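# One predicted model, sequence on top.
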Amino acid sequence: MAKTTRSSIWWKSTVAARSLLLIVASSTALGMAGCGGILTDGQVAAVSQFAEATKGFGTSPGTVINAYAGLRSDRALLEAASRSDGGVAAKDLANGLKQRLELESRGAAADAAITVLDDYAQMLGVLSSSQFTDDLQNQTIALGSSIDNGIATFNKLSGSTLNSFGDIVAGIVRGAGGLWIRREQHKALVAAVTNAKGPVDRLTASIESLMDFFVGPPPSTDPEKSLFARESQEVQDFLGRTQPAGRPLPVLERTQTVMKQAVDGQNLAQLSRRAAVQYRAAHNELVQAITGDKADLKNLVGTIQGLSQEIKAAKRVQGEVKKARD
Amino acid sequence: MANTERLTVLAKVREAKNSVSDLLEDDAIQGKDRALLEGLEAQLDEAEDTLILGELSDQIDDLKEASAALGKAVKKMEQSAKKIQRIADGVADAAKALKVLADIAVKAAAIA
C-alpha cells in the first residue's frame, strides 16, 4: 500500500514535471517562431574580434587636438622670443595660451563624443557573449544532477527501480533554452549592426574629415594644408629673424622639440584617419556578415586584423605624443 | 564637414602671414616699422586662431551629432541585452521549478 502511495506521488510529480517541460518546450518553440536563425561560431568570433580590436579607439582625435594645442602655445613662446616689441611679445603669449585652452576644451569634447564607439564595442561583446548560455549550462547541470539524486533517493526509499532521466531533462532545457537565447542574440545583433551602420559611417567620416583638417586631405602633402607642418615651418622661420637675445641653446632646443612634436602629431592624425577608414570598412563587412548579405568571414577577419593593427599603431604614437608633452 | 569658405579665408590669412614673416627676416627693417609688422603678425595669428577654432567647432558638432545617433543604437542594444537576460532567467527559473518538483517527490517518498 505504502509502495503504491509513493509510486502514485512520484507519478503525479513526474506528470507535473513533464507538463512543466512541455510548457518550457512550447514557450521555446513560440519564442523561436519567426526568427531568422542563430549565430554561427564564425560570426560570434568575428563580432568578438571586432569588439576587441576597437576597444579604446575613441581617444586619438582628442590627442591630436591636444598635440596641436601644445604646439600652438610653444610657437607663441618662440615667437615672443623673436620680438623687438615687448608689448607684441606679451600679446603673443596671451594669444598662445588662450588658443591652447580653447583647443584643449575642444579636444575633450571630441574625446567625449567618440567614447560612444567604445560603448558600441562593449555592447557588441555583450550581445555576442556566451555568458547567457554558459549560465544556463550551469543551471541545467545542477538540475540534471538534482533529478538523478532525487530518483536514486526515491528508489532507495521505495524499493523502486525507476530509470534516471536527469540528463535528458537537463539536455532538453539546455538545448531548447540555449537555442532560444542564441536566436534572440542573433536577432539583437542583426538589429544592432543594422541600426549602427549609418551612425558609424557618419562618425568615422567625421573623424576622417577632422584629421583632414589637421594634415590636409589625402593625397596632399602640401605643408600649407597641414596645421602640424605649418607650426613646424613657422618656428623654423623665427630662426631667420634677428633675435633680440641672439639664439641661445635653449631656444634652439625648444625649436627642435616643437619640430619633433609636429611630426609626431602629424603621424598620429594620419594614423587616426587611416584607422577611421579601416573601422568603417570593417564595420560594413561585419554588418554584411551578420545580416547574411555576405558571409565572407575570412575576408572579414583579415579586415578586422588590419583595423586592429591600425588602432595599435595609433595608440603607440598617441603614447609617444602624450609622453613628449608630459 | 569642412567649411570651404572659411578654409579659403584661412589660406589667405596664412599667405599674409608668410609675407609678413618674410619681411621680418629682413634685418634692414628695424624700429617702428618692425614693431608695426610684429603687431600685424600677432593680429594675423589671432585671426588664424579664430578661423581654426570655428572650423574645429563645426567639425566637433558633426562628431557630436553622429555620436548621439550611435548612442541611440547603443541604448537599443542595452535593451536587447536586458531582454535576452530576462529570457535566460526565465529558462533558468523553469529549470529551478523542475528541480523543486524532483525535491518534492523525494520528500513525499520519505514521508509516505
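Cool, the structure landed.
# what secondary structure does A:P199 sit in?
State at A:P199, reduced to three classes by DSSP: H, G, I helix; E, B strand; the rest coil: helix.
# Equivalent analysis for A:P218, please.
coil.
# Can you give me the pLDDT of it?
Per-residue confidence (pLDDT) for A:P218: 84.
# what number of residues lie near it?
Applying other C-beta atoms under 10 Å in any protein chain shown, we find 13 residues neighbouring A:P218. Bear in mind the C-beta positions are built from the backbone N, C-alpha and C, glycine included.
# chain center to the helix or strand bottoming out on mean pLDDT in chain B, what's the gap?
Ranking every helix and strand in chain B by mean pLDDT, DSSP states H and E puts helix B:31-111 at the bottom, with a mean of 90. Computed by C-alpha atoms, centre = their mean, to the nearest Å, the chain-centroid distance of helix B:31-111 equals 10 Å.
# Can you name every helix or strand that that helix contacts?
Helices and strands touching helix B:31-111, by 3 or more C-beta pairs under 8 Å, 6 or more residues apart in numbering or on different chains; DSSP states H and E, are helix A:2-32, helix A:60-81, helix A:86-127, helix A:131-158, helix A:166-215, helix B:4-24.
# so where's chain A shaky on pLDDT?
A:1-36, A:58-59, A:245-247, A:249, A:252, A:293-296, A:325 (pLDDT under 70).
# ok, A:G96 to A:E231 distance?
Note on A:G96: its distance to A:E231, by C-beta to C-beta, to the nearest Å, is 11 Å.
# Check the contact lists of these two and give me the overlap.
Common neighbours of A:G96 and A:E231, using C-beta atoms under 8 Å, 6 or more residues apart in numbering or on different chains, are A:R72, A:R75.
# thinking again about what came up before, which one of the helices and strands packed on helix B:31-111 lies nearest to A:A262?
Closest of those to A:A262 is helix A:60-81, at 5.8 Å (criterion: C-beta to C-beta).
# Turn the helices and strands packed on helix B:31-111 into CSV, columns for mean neighbour count and distance to A:D222.
Listed next are those as CSV, based on neighbours: other C-beta atoms under 10 Å in any protein chain shown; distance: least, C-beta to C-beta, whole Å:
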stretch, mean neighbour count, distance to A:D222
helix A:2-32, 15, 59
helix A:60-81, 24, 17
helix A:86-127, 20, 22
helix A:131-158, 18, 51
helix A:166-215, 21, 10
helix B:4-24, 15, 10
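# These: which one's closest to A:A45?
Closest among the helices and strands packed on helix B:31-111, using C-beta to C-beta: helix A:86-127, at 12.0 Å.
# any bit of that closest one sitting next to chain B?
Yes. Helix A:86-127 lies within reach of chain B by C-beta under 8 Å from any C-beta of the partner chain, at A:87-88, A:91-92, A:95, A:98-99, A:102-103, A:106, A:109-110, A:113-117, A:119-120, A:123-124, A:126-127.
# How about the contacts made by the residue lying closest to B:K76 once chain neighbours are set aside?
The spatial neighbour of B:K76 that comes closest, neighbours along the chain excluded (C-beta to C-beta, 6 or more residues apart in numbering or on different chains), is A:N195 at 6.1 Å. Listed by C-beta under 8 Å, 6+ apart, the contact partners of A:N195 are B:K72, B:A73, B:K76.
# returning to what we had before: any chance of the helices and strands packed on helix B:31-111 in CSV, with distance to A:F50 too?
Below are the helices and strands packed on helix B:31-111 laid out as CSV (distance: least, C-beta to C-beta, whole Å):
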stretch, distance to A:F50
helix A:2-32, 26
helix A:60-81, 18
helix A:86-127, 6
helix A:131-158, 18
helix A:166-215, 9
helix B:4-24, 35
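# among these, which is nearest B:A94?
Nearest to B:A94, of the helices and strands packed on helix B:31-111 and by C-beta to C-beta, is helix A:2-32 at 4.6 Å.
# what element comes up after the closest one heading to the C-terminus?
Per DSSP states H and E, helix A:2-32 leads on to helix A:41-53 as the next helix or strand towards the C-terminus.
# Leaving out sequence neighbours, find the closest residue to residue 46.
With no chain named, the answer covers chain A. Nearest residue to A:A46, sequence neighbours excluded (C-beta to C-beta, 6+ apart): A:L300, at 5.2 Å.
# that's the other chain; I wanted chain B
Nearest one to B:E46, counting by C-beta to C-beta, 6+ apart, is A:N95 at 5.6 Å.
# Only the buried residues of stretch B:68-86, if you could.
B:A69, B:L70, B:G71, B:A73, B:V74, B:M77, B:S80, B:A81, B:I84 (16 or more other C-beta atoms under 10 Å in any protein chain shown).
# wouldn't the second one be in contact with A:D201 here?
No. Between B:L70 and A:D201 there is no contact, the gap being 10.1 Å when judged by C-beta atoms under 8 Å.
# if we can go back for a sec, contacting residues for the residue nearest to B:E46?
Per C-beta under 8 Å, 6+ apart, neighbours of A:N95: A:A76, B:A42, B:D45, B:E46, B:D49.
# Quick one: those residues as CSV, columns for distance to A:A188 too.
Output for the contacts of A:N95, formatted as CSV (distance: C-beta to C-beta, whole Å):
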residue, distance to A:A188
A:A76, 52
B:A42, 57
B:D45, 53
B:E46, 52
B:D49, 47
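# So among those, which ones count as buried?
A:A76, B:A42, B:D45, B:E46, B:D49.
# Quick check: of those residues, which lies closest to A:D41?
B:D49 (54.1 Å).
# Now the closest one: closest residue in space that isn't a chain neighbour?
Per C-beta to C-beta, 6+ apart, closest to B:D49 is A:Q99, 4.5 Å.
# Could you pull up the contacting residues of that neighbour?
A:A69, A:R72, A:S73, A:A76, B:D49, B:I52, B:L53.
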